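# sequence first, predicted model second:
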Amino acid sequence: MLKPIKNNQQFENALERAYSLMQKDLKADSKESVELEVLSMLIKEYENKYYPIGKPTPIEDIKFRLEQRNRTVRPSASVKEPPLRRATAMPLGS
């Protein structure tokens, strides 16, 4: 009988069991496939509680997406101000 995961040792055991079940060719709605499904939910719940992953900042998200596409941010690609232009002398009140 499956029980909630309450400590790291139980978590490790659940991961090992889930891994071993995933290596098998399970039939839908079999006892082992139901066990894997329940184990997955218990593992997810434990991970969300003890190993939460926060949302990335927009910059972190962009960097991650670029990394996934094997691209990088070039230092010269940063936002630059346009070059200053000299003001043309215009006579006032003409």
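Received it, and whenever you're ready, just let me know what you need.
# quick check: buried residues in the longest helix belonging to the chain?
The residue-count maximum for a helix in the chain (DSSP state H) belongs to helix 31-50. For helix 31-50, burial by neighbour count (16 or more other C-beta atoms under 10 Å) applies to 36, 39, 42, 43, 46. Where you see a C-beta, it was placed from the backbone N, CA and C, and this is true even at glycine.
# and the contacts of it?
For helix 31-50, contacts defined as C-beta atoms under 8 Å, 6 or more residues apart in numbering pick out 2, 4-5, 11, 14-15, 17-18, 21-22, 24, 26-27.
# what's the following helix or strand past that helix in contact with?
Tracing the chain C-terminally past helix 31-50 and defining elements by DSSP states H and E, one meets helix 58-68 next. Here helix 58-68 makes contact (C-beta under 8 Å, 6+ apart) with 56, 72, 73.
# okay, now the second one: neighbour count?
Around residue 72 there are 10 other residues, counting by other C-beta atoms under 10 Å.
# what does residue 28 give?
Number of residues near residue 28 (other C-beta under 10 Å) recorded here: 6.
# the residue positioned nearest the centre of the chain and residue 4: what is the separation?
Nearest to the mean C-alpha position of the chain, by C-alpha atoms, centre = their mean, lies residue 53 at 7.3 Å. Going from residue 53 to residue 4 by C-beta to C-beta, to the nearest Å gives 21 Å.
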